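Q: here you go, sequence then predicted model.
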Protein chains: 2
Amino acid sequence: MKGFQIFRRASTAIRNRATPSKLLIVLTFGAAGGAFLAISDDSPFRSLTAGESGNDGGKKKKLVVLGTGWGGTTFLKNLKTSAYDVHVVSPHNYFTFTPLLPSVTNGTVEARSIVEPIRNIVRNKPYNVEFKEAECYRIDPVNKKVYCRSIQNLGHGENEFALDYDVLVIAMGARVNTFNTPGVEEHAHFLKEVDDAQKLRRSIIDCYERASLPTISEEEKKRIMHFVVVGGGPTGVEYAAELHDFASQDLASLYPSLKDYLKITLLEAGNHILPMFHKKVTDFANEKFQKDQIDVKTGSMVVKVSDKDISTKNRATGQIEAIPYGVVLWSTGIATRPVIAEFMEKIGQAGRRVMAIDEWLKVQGCDDVYALGDCASIAQRKALEDAAAIMKTVDKNNAGAVDVGDFKEFVKDIYERYPQVRKYLEKNKLKNFEALLRNAQGDSQKKIDIEALKKALSEVDSQVSFLPPTAQVASQQGKYLAACFNKAGRCEKKPEGPFRFQENAGRYPFHPFRYTIENPFLFTALLLFTFLVIELTGLSICLVGAGVISYKHSGQFAPLGGEQAAVQFPGDWVSIGHASQGLWYTVYAR
Amino acid sequence: MKGFQIFRRASTAIRNRATPSKLLIVLTFGAAGGAFLAISDDSPFRSLTAGESGNDGGKKKKLVVLGTGWGGTTFLKNLKTSAYDVHVVSPHNYFTFTPLLPSVTNGTVEARSIVEPIRNIVRNKPYNVEFKEAECYRIDPVNKKVYCRSIQNLGHGENEFALDYDVLVIAMGARVNTFNTPGVEEHAHFLKEVDDAQKLRRSIIDCYERASLPTISEEEKKRIMHFVVVGGGPTGVEYAAELHDFASQDLASLYPSLKDYLKITLLEAGNHILPMFHKKVTDFANEKFQKDQIDVKTGSMVVKVSDKDISTKNRATGQIEAIPYGVVLWSTGIATRPVIAEFMEKIGQAGRRVMAIDEWLKVQGCDDVYALGDCASIAQRKALEDAAAIMKTVDKNNAGAVDVGDFKEFVKDIYERYPQVRKYLEKNKLKNFEALLRNAQGDSQKKIDIEALKKALSEVDSQVSFLPPTAQVASQQGKYLAACFNKAGRCEKKPEGPFRFQENAGRYPFHPFRYTIENPFLFTALLLFTFLVIELTGLSICLVGAGVISYKHSGQFAPLGGEQAAVQFPGDWVSIGHASQGLWYTVYAR
């Protein structure tokens, strides 16, 4: 691996420590202890510091990490404690820089440039680590075991094995959501892994080669050269745009006789493409696509895919149409993996669509298991549910009603524990929490009782939102969780989190996870220069390959082909056109 | 494709000509004509200039090129006449820089960096060209047709097609010679295509991942980590050395626990590895391998390969041993492809091992068909066969015997037509042809009669040798053949080749093909610098990708891993050790 070679050359002087696989070191973080052992589900990182009583005393704790995507890899990269024997299980022995997958398909970026071996990433870490190239197919939270299957076909019972864990981090991502549409699994392409990108590239080139054969009829040529993208979200839109660039520039010059046969269609079941963006962005994308002759069909639900036709149902008229195609890319969002769904049933989350984790990324209803990235979603605690507990805390004398000013002591904790409060204040242009309470009470002179508090909080809870299933969220969660593991000892002694209203005593050891939106222009002056140098010298591999994984960035971004992109920054500031995609990718590089 | 992108960027200003597929232009090269039409097999390029009478008059001639390896690609690259409609048929729509395949397996070079799309190579050429991604499975020299099959599974009769040709260039290469050893096709790896290199790489990494699983026994781990290379020629030796470097450096640092399980074995059926090299080279390689703990087993003939064992027969003792292995690379030379073997039967070459071409690369026994590279071998005309014709030419007065001095007029032609003469003179330290004749005659005073000439020539013919099936030979042949096509018109008018002794009149239009051995140090000062810059900036893609295909080089080269290589230069000068491989590869870059 090139990046890897560079890494190796740069580090030949550093000798690898030969770490014995089991070290007999007792690790305790000072005076910590069982302070929070009694508190069950609501206590994050309960097991991170306190040694479990019984037979595993004297050994390092066994931390099993499932998955090596954005979440798992960022976690491993940032984990800096030697308190664990770490076992990583993933069907991929490398991390993939997924934002560049469409570029791999189009050949502007080398496949190997966007992957990095996990073993390389975890080298020279303070923790012992073993990697197993296998897929976890069952999680047993009762016996604390994960069951895994090698991705190689070994036979003779060598294929499957089980791993015990003391602490489990699930970062397995999600599967593609096909909505059980017949034929999608068999005939459509996806764009989640580097293999997918290479297969898609091969399929597109195959279409061009096939259409160049002398035995192909005109009609067949038209079919072969019709590329369909299903899903009008950022991925689908980006890919349709990149495919247009690839076809109209590179491929048109290699296959000039096929230029006029090319057709690209974007199918979206909803009424708009890019529904999560500002309308200005959607309009801009639509205009750009019209100019590029990409046929955008909204309100078109795919009902079936055969080897040569894709059947859509017009949601308005109910009419079903079979469209001949050469290549279909399916990009309609994600769904829960079967192994996670089965695990959810075991821990009492059977009804949910996505696995619920608390604000500290601990899986709800299960001890010592954390989850992050696309496979889980934070179930933000509703403020209303804790109204009585908050009232009890503030109303120290049990008077039944308190002054607005009495909340002052706890406002910071309320803001942190229930971030929806602040969002609501901002949205409604309220100065502070006191103003909200006064509004709810109606009379600025009256004291605040439980009913007034409930009224205020019920409005606030409307601002609870879900984080998008993006690389950015997964990566920030991985970093956050690793930081918690790293500082667990210190934080048990001196907790840094918000006040525990429910228990009316003590604080959470850690701040809850917060998705950070930063201004990407902060670092761009320097990084744009770096990127240009890198772009020009073909060293993009260093940028990506050397493992520059941790990043935070802003808003959302949809490359639209050419030099144009639609960017939505915080505060709904919309930048349209002429935004360099290179500029954007620099935000990943921090 | 990166290189391709660079190319595109650099050439966006140049518009592609939209060339109609059939141009109605009558091309005649001056006064050429039927001068040599009567002369059949012995007349190279008969059809290159003279328009065939009848129904194809008024159209461009149809030139079909089979294959896009070193031979075919170099031919296409150097073809500069607009006299043809060119059709290229190959199962690969790209050219592969094969000397770097082992580096692709080891990950030091990107797979995409060593391939270049054929359509890119033939863009903006003066000839019209159409590429078909298909495999030729039958050649019909009677009806001048080639039958092709698309490499994609199309069905409905779309898979197969036939192409007419006026002139055919066969550059299909050879297949791997398995000697019909059972299990080789199924279980062994080859290293001929870029796909092979990637598969081999994946298999090696798979072995490491498999050996890392907790379910694998010690014995099985040893088996998995045993890599066997079959064949002690330059390819096998190079690969064993590169594999050792890859495993002992890169992989050892990623999989430190498997370091002691690694074993590399090189099997060779003969008594020595690198038998075509000087003994000093062989000894050096043996020493290097011993130091690197690569187990070299000579006299070991492989008799069977199963999925887990490779069975060898000791040629001395006859003992058969089954050796457990993880990966086998098979590299024991080449054999004729079935399509060529069938074609050879049709043209009266049934008994031969390799298809015979004359010194002008024309297939013997067949009009308008040329062949080059590994699929054919030049059958050098024996001087003895033409002894009578030569005598007749020199003995202008039919005296039955001539003076030694009478040969002077024809010596240059004899040297060119029968290059073995010169080789013989050099080897036996004879000053010139006259000295040879005098030696044969025994008496310096006597005249030379036919018997004396025959005696001289029969000794000379011992120096007829075959060219090795290398990229260098194929590439030089491609360039040579293209040059002949380019200058066909001029050379028909003013032939530049040797005298036609057999016909006792006229000259061959072209010089015969001669494999050129040049001193590679000529260009290295400049190119080594370029290479270093390229190596450092990761721009090796430019070097290779931009299509620097034409080259000539010297002797033979066997990289032995690390910074060591054995090089055999002309004049048997042997350079041992510390030779930079980079230095060597620069010779490809000219």
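A: In hand now; what should we look at?

Q: tell me how chain A divides into domains.
A: A:1-174+A:336-379+A:467-495, A:184-334, A:384-463, A:520-589 (automatic domain parsing).

Q: what mean pLDDT does the third one get?
A: Computed over domain A:384-463, the mean pLDDT rounds to 90.

Q: hmm, back to that, got the domains of chain A as a markdown table, with mean neighbour count and distance to chain B columns?
A: Using the backbone N, CA and C atoms, a C-beta is placed for each residue, glycine as well. Shown next, in a markdown table, are these (neighbours: other CB atoms under 10 Å in any protein chain shown; distance: least, CB to the nearest CB, whole Å):
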| stretch | mean neighbour count | distance to chain B |
| --- | --- | --- |
| domain A:1-174+A:336-379+A:467-495 | 19 | 4 |
| domain A:184-334 | 19 | 4 |
| domain A:384-463 | 17 | 42 |
| domain A:520-589 | 18 | 5 |
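
Q: comparing these by mean pLDDT, which bottoms out?
A: Looking at the domains of chain A, the weakest mean confidence is domain A:520-589, a mean of 39.

Q: packing partners for the host helix or strand of residue A:202?
A: Take DSSP states H and E as the rule and residue A:202 turns out to sit in helix A:194-211. If you count contacts as 3 or more CB pairs under 8 Å, 6 or more residues apart in numbering or on different chains; DSSP states H and E, helix A:194-211 packs onto helix A:101-106, helix A:218-224, strand A:327-330.

Q: let me have these in a markdown table, adding distance to residue B:179 as columns.
A: Shown next, in a markdown table, are the helices and strands packed on helix A:194-211 (distance: least, CB to CB, whole Å):
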| stretch | distance to residue B:179 |
| --- | --- |
| helix A:101-106 | 40 |
| helix A:218-224 | 42 |
| strand A:327-330 | 42 |
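
Q: out of those, nearest to residue A:489?
A: helix A:101-106 (39.3 Å; CB to CB).

Q: would you mind putting the CA coordinates of that closest one into CSV?
A: Presented in CSV, the C-alpha positions along helix A:101-106 are these (Å, rounded to 0.1, in the frame of the first residue of the first chain):
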residue,chain,number,x,y,z
LEU,A,101,-16.2,6.4,-3.2
PRO,A,102,-17.9,8.2,-6.2
SER,A,103,-14.5,9.5,-7.2
VAL,A,104,-13.1,5.9,-7.2
THR,A,105,-15.9,4.9,-9.5
ASN,A,106,-15.1,7.7,-11.8
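
Q: tell me the first helix or strand C-terminal of it.
A: strand A:115-117.

Q: relative to helix B:194-211, how tilted is the longest strand seen in chain A?
A: Taking DSSP state E as the criterion, chain A has its longest strand at strand A:128-140. Angle, strand A:128-140 to helix B:194-211, by axes from the mean of the first three to the mean of the last three CA atoms, to 10 degrees: 80 degrees.

Q: and strand A:128-140, what other elements does it pack with?
A: Using 3+ CB pairs under 8 Å, 6+ apart, strand A:128-140 sits against strand A:84-90, strand A:145-150, strand A:160-164, helix A:338-346.

Q: try 10 Å this time
A: strand A:61-66, strand A:84-90, helix A:118-121, strand A:145-150, strand A:160-164, strand A:167-170, helix A:338-346, helix B:194-211 (3 or more CB pairs under 10 Å, 6 or more residues apart in numbering or on different chains; DSSP states H and E).

Q: paired strands for it, with orientation please.
A: Next to strand A:128-140 in the sheet, as set by DSSP bridges, lie strand A:84-90 (parallel), strand A:145-150 (antiparallel).

Q: please enumerate residues in contact with the shortest one?
A: Put plainly, it is strand A:145-150. Residues outside strand A:145-150 that contact it (CB atoms under 10 Å, 6 or more residues apart in numbering or on different chains) are A:64, A:66, A:87, A:89-91, A:132-140, A:158-165, A:168, A:170, A:339, A:343, B:206, B:209-210, B:212-216.

Q: mind redoing it with 8 Å?
A: Outside of strand A:145-150, the residues within contact range by CB atoms under 8 Å, 6 or more residues apart in numbering or on different chains are A:64, A:66, A:89, A:132-140, A:158-165, A:168, B:210, B:213, B:215.

Q: got the CA positions of it in CSV?
A: Extracted C-alpha coordinates of strand A:145-150, given in CSV (Å, rounded to 0.1, in the frame of the first residue of the first chain):
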residue,chain,number,x,y,z
LYS,A,145,-20.3,-13.0,24.0
VAL,A,146,-20.2,-12.1,20.4
TYR,A,147,-20.4,-14.9,17.7
CYS,A,148,-18.3,-14.3,14.6
ARG,A,149,-17.8,-15.9,11.2
SER,A,150,-14.7,-15.6,9.1
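
Q: centroid-wise, who is the farthest residue in chain A?
A: residue A:445 (47.2 Å; CA atoms, centre = their mean).

Q: could you look up the SS state of that one?
A: Assigned by DSSP: H, G, I helix; E, B strand; the rest coil, the conformation of residue A:445 is coil.

Q: any chance you could map the strands in the stretch 351-500 of chain A?
A: A:355-357, A:369-371, A:376-378, A:401-402, A:448-449 (DSSP state E, counting those that start in this stretch).

Q: which helices and strands sit right next to the second one?
A: Here strand A:369-371 is seen to pack against strand A:167-170, strand A:355-357 when contacts are counted using 3+ CB pairs under 8 Å, 6+ apart.

Q: which residues does residue A:236 contact?
A: Counting by CB under 8 Å, 6+ apart, residue A:236 touches A:229-230, A:266, A:268, A:273, A:329, A:331-332.

Q: which among those residues gets closest to residue B:116?
A: Distances from residue B:116 to these, taken by CB to CB, are shortest for residue A:329, at 26.7 Å.

Q: hmm, that closest one is touching residue A:203, no?
A: No - counting by CB atoms under 8 Å, residue A:329 sits too far from residue A:203 to count as a contact (9.3 Å).

Q: so what sits against both of those two?
A: In contact with both residue A:329 and residue A:203: residue A:189, using CB under 8 Å, 6+ apart.

Q: for residue A:125, grab phi and psi.
A: phi -90, psi 160 (degrees, to the nearest 10).

Q: which residues of the stretch 351-500 of chain A fall in helices?
A: With DSSP state H, counting those that start in this stretch as the criterion, the stretch 351-500 of chain A has helices at A:387-394, A:408-417, A:420-427, A:433-441, A:450-460, A:471-486, A:488-493.
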